[in-house]
Structures are given as structure tokens and as C-alpha cells.
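> No sequence on hand, only this structure:
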């Protein structure tokens, strides 16, 4: 092969890789920008043509679209997108030899995005929320079980997702599967730093199930005024802030070996105070659980870190072998150019589900049966108000639960 | 020359494989044939479950009554880890029981429409002679309900080329006497299947 033809192919390869890492996800970028600019319809339209997306980014399409549709209250449509994501994740269990081989000599961007363990879990969390908002409790429990399976599969990476664990327990509880609900609440209580956060729920379930010793233990954590059983309930799902973004990290081994890996950009913890009030009377939540999306994302990525580094080392070895082979058979300049292309194309896979919030909250407010006009205030730690929302007037019958989902972006 | 001929043959084989592999095909299959693509619930399971439950129910004798037992379906609760439309099971069981001539069923799903139609008939728009009489609907004697459960077990992580999954399903169906609150009949059917999928693909 002539040096000219080889150089030409090299430039083509470099161009292809630049295109893969950039332009291919243009509609996704548009949708994310529109979402964070509160142009939700535009965000939805940007993702309306799935045929524009290559298989590499299909999972991201379903996850981003599902979340945007959830945010605008199109829960049925959101379910459809998240179900597609869930099905795709199951299909992606098979390791593609062609994709892995191609990625060894080019970049990870050439492979299908499979989602971090945390993102796979949150597909089920959003499905649970959607089903609960649609009063489809049996379907919510189906996804609770699928989420539980993932939590059991990756316990270290996902143990700090208190929000999803509380959702799973809630799904069991709503369908009267109190024993399973109790087990999940107990696991949550063991994982969560605050001993009192779940105590009231555990106390009530222990009484129902006849676990008197446990009931006695949990009773000591709760105040007397909270020991009355609530007749009805408002359950709030609140997402606050913007998801952490992945950025490239690099290790350079002189002269030209570059090992790159994805890492999450540092962001300050997004703590907020969420209060519900009625006629200026503040309501006390029976349960308040928060997941730091940032923490769980980092735990998931670091759980995968060893696999990433092994693959990166293998890619560096393959590229170095190729570079030496080209240098030995071609002009010095062609060899240098080839090394430069390999260096530039070594781009870490920084794809991620970017419309996720920074924190997910689950709050449960006991309410008396009847009509309620509630106001929700979300404030920062310094006291500055982020959002003030008047919920639609709700009429609750005894034992009824109503769900509401709120999202606040930066 | 020889190399060129081999290249041409290889290209021809490649094109044939591509065309053959990419051609969309359809064919009819019998719903009676068991067909499973993986370990999860499918139409063959539904058929098996229904056959296994309907026959014992038909053989069951209920307290002596002048009329056929009147039943109402309250559905099969899905407690599996899959999104399964269990109304397909109850619809088919109901159809088979009605066709046996041994049971009558209340059409619970049409209650709203029946009330609407009655209201219309008793409005000024309908000839009074053609109106259906009020308070002539039949009350149900039995509730037919059930629960579909599943247990899934995946092969533990180890060096292997395929991933095995064990799936177990059980459907418990019961008839509750509305007058006494007692369970008049109950039966269960179980299915278990192992599937294997490759870990590595093209």
C-alpha cells in the first residue's frame, strides 16, 4: 500500500472517530439543552425520530426521552420508553465480539452504550414512579422486583440508593405484601445513616405483622404524636438539580501512549429542604429519604473501574503493536502520523444519562381524609427558596394514597 | 488467477449469507404447539395453565342448586417479576367454563355500560313497553380469583460461555363462596423451565 493511500485511510479513520464521539449524539445534546432551558416540548421533539439514532445511543435515547416525558406528566408514554430501555438492557447482556474487537483498535464510543449499573437501576425506579402515578400498582411491583434483582446483583455499587429501596418497599406495602415490605424497610434502615428516618414505618409494620419485640424497639425512636395511624397519604417524588457529567481522565505514558478513562465531574452536594404546608401549617413527613445520584453514579463507575482499566491497557497494547508495525513498514513520517491518530482517537466513553437529577427524594405525608390544598416549598440549605408549588386540590378517602412528582433543575 | 477466483467465490458466499440472513420471513404456527424463545412466560404457558385448571374445575361438584353456579371474575393478581397481562388467563378460563354449560358468569366489565343503557331506556327517548325491567340482574354466588407467582434463579457468576436461567411459575386459582366467605374450590398449576443464552455473540 502506498504511503499516500495509507495516510488517506488514516485521515478517514480519524474523521470517523471524531464523528462517533461528537456529531452522532447531536439530537441528544439538543434535547438535553432544551430540557435544562425548560423547553420541554422542544426536548421531546428532538428525540421524536428514533431512526436518527444509531444502536450505539439507543439506550440513552430511551432513558432521556422517558425522563423528559415523565417530567411533563406523560406517564404512559414515559412507561413505553423506559420499557424499551429495560428490554434493550436485557438484550445487551450478550457481549458483541465485533464491537469489542473494533473498540480495541479505535475507541469505546464504537460500542453500544449499556448504561452504568445505577442508570439501569433508575430505569426501574422511574418505571415504578410512573406506574404508581398511574395507580398501576401491580406493574409497579413487577419493576420493584426487577430493581431488587439489580440491587442484589451489584450490592456495593447500589447500596446507597435509599430512594429506590424505599420505592421498592412502598410497592410491596401498597399491595399488602407486608412481610416483603418489612424486609425492604429493614434493609433500608440498616443502610441509611439516620436511625429515625424509617422507624415509624417499621414500627407500624412490625405491629401489623405481630413482631412485638421489633415494634418495641422501633417505638422508642418515634414521638407519641406520630404513633397514630394515618388514614390517607400524600407521597412526593422530588428530583432536584442536574445529574453529574462524565469527563475524560488521562494517563500519558511517554512518548505517545495515552490511557483514557471516564470519571464524574466533581459537583457540590445538592442538599435541599422540602416542606409541605396547608393553610400555613407545616406538615410533618412520616418518611423522608434522599439518594445522592452523584454518589451512586460514582460508586457504580468505580465498581466498573477495574474492567475499564483492563480494557484500556489491552487497547494501549494493541495500538502500540499496530504503531510499531506501521513504523517498521513505512516512512518515518507516516509512522509518526499514525501514532498521532491513535493518540487523538483515544477518547474515553463519557456517555451518560444527563437529564437525571442530582438528588432524588421520597417524602410521605400523612393526611386526614377530606379535601386538601397543599403547598410545597423547596429551599436550599442557606434558606433561599428554589421553588414554591401549589399542588392541585386533592380529595382523599380513608386509606387513599396520592402521588405527585416534582422536578427542579439548576 | 486462482486467488482471484477464490476471492470471487468468497464474495459470492458472503453476499448470499447477507441476503439470506437479512430477508424478513413470516410463517403461521399452531397455537397448540409449545414454542419458547426464552424462559419467560409466553402463550404456550397460558394454554397449559388454563387446560390444567379448567378440567378439575369442571369435574368439581358444587352444593346442590337448581341453577348453574353464578360466578364473577375478580382477576388473577400478577406477583411475578414480568409484565404479564393476566386478564388473558381469566378471559380464557371464563370462556371455557361458559361453553361447558355448567357455569354462568356476571359480566363485571360491562356494569358501567349496563347502568348507562338502563338510564337511557328510562329516559323519555325509549318506548316504555320495550324497556328492560329494573332489579332483574342476577347476583353472583362465587368469586373466581387467583395469583400468578414466579421465582427466577440465574446461574451464579463463573467462567462459562452460556448463561442459564431457571424460571418457576405457579398459578393458584380459587372460588370463594360470597354467602359464607369460604373457599369452595382451589387448585394450582406449576411450570418450571430452564433456558440458556450465549454470553458471547457477533
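It's in. This one's a predicted model, so the numbers in the text were calculated from it and none came from an experiment.
> Output the below-cut-off pLDDT ranges for the chain.
I'll assume chain A. Applying pLDDT under 70 to chain A flags residues A:1-24, A:223-230.
> Sorry, I should have been clearer: chain B.
Chain B contains residues with pLDDT under 70 at B:1-6, B:10, B:13-14, B:16-24, B:63-66, B:158.
> Just give me the residue closest to the centre of it.
Nearest residue to the geometric centre of chain B (CA atoms, centre = their mean): residue B:89, 3.4 Å.
> Tell me how far that residue lies from chain A.
Relative to chain A, residue B:89 is positioned 14 Å away (criterion: CB to the nearest CB, to the nearest Å). All C-beta spots, glycine's among them, are computed from the backbone N, C-alpha and C.
> For that residue, which non-adjacent residue is spatially closest?
With CB to CB, 6 or more residues apart in numbering or on different chains as the measure, residue B:76 is the residue that lies nearest to residue B:89, at 5.4 Å, once sequence neighbours are left out.
> which residues sit in contact with the one you found?
Taking CB atoms under 8 Å, 6 or more residues apart in numbering or on different chains as the contact definition, residue B:76 lies against B:86-87, B:89-90, B:145-148, B:171, B:173.
> Show me the beta-bridge partners of it.
Counting by DSSP bridges, residue B:76 is bridged to residue B:146.
> distance of it from chain A?
Taking CB to the nearest CB, one finds residue B:76 at 10 Å from chain A.
> For chain B, what lies in contact range of chain A?
B:77-83, B:152, B:163, B:197-202 (CB under 8 Å from any CB of the partner chain).
> Tell me the one among those residues nearest to residue A:124.
residue B:81 (10.5 Å; CB to CB).
> Now the closest one. Nearest residue, chain neighbours left out?
Closest to residue B:81 by CB to CB, 6+ apart is residue A:145, at 3.8 Å.
> cool, residue A:86 as well?
residue A:123 (5.5 Å).
> could you pull out the strands for chain A?
Assigned by DSSP state E, chain A shows strands spanning A:95-96, A:232-240, A:246-253, A:257-264, A:272-278, A:281-283, A:287-292, A:359-367, A:370-372, A:375-380, A:385-390, A:394-396, A:401-408.
> Over to chain B?
Using DSSP E, strands in chain B cover B:70-79, B:104-105, B:142-154, B:162-177, B:183-198, B:200-201.
> to the chain's geometric centre, what's the distance from the fifth one?
To tie it back to what came earlier, the one meant is strand B:183-198. 13 Å (CA atoms, centre = their mean, to the nearest Å).
> Now for the closest residue to residue B:92 other than its chain neighbours: which residues touch it?
Nearest residue to residue B:92, sequence neighbours excluded (CB to CB, 6+ apart): residue B:50, at 5.0 Å. Listed by CB under 8 Å, 6+ apart, the contact partners of residue B:50 are B:89, B:92-93, B:96.
> The closest residue to residue A:275 other than its chain neighbours pairs with what?
The shortest distance from residue A:275 to any non-neighbouring residue, by CB to CB, 6+ apart, is to residue A:377 (5.0 Å). For residue A:377, the beta-bridge partners are residue A:275, residue A:388 (DSSP bridges).
> Fine, thanks again, bye for now.
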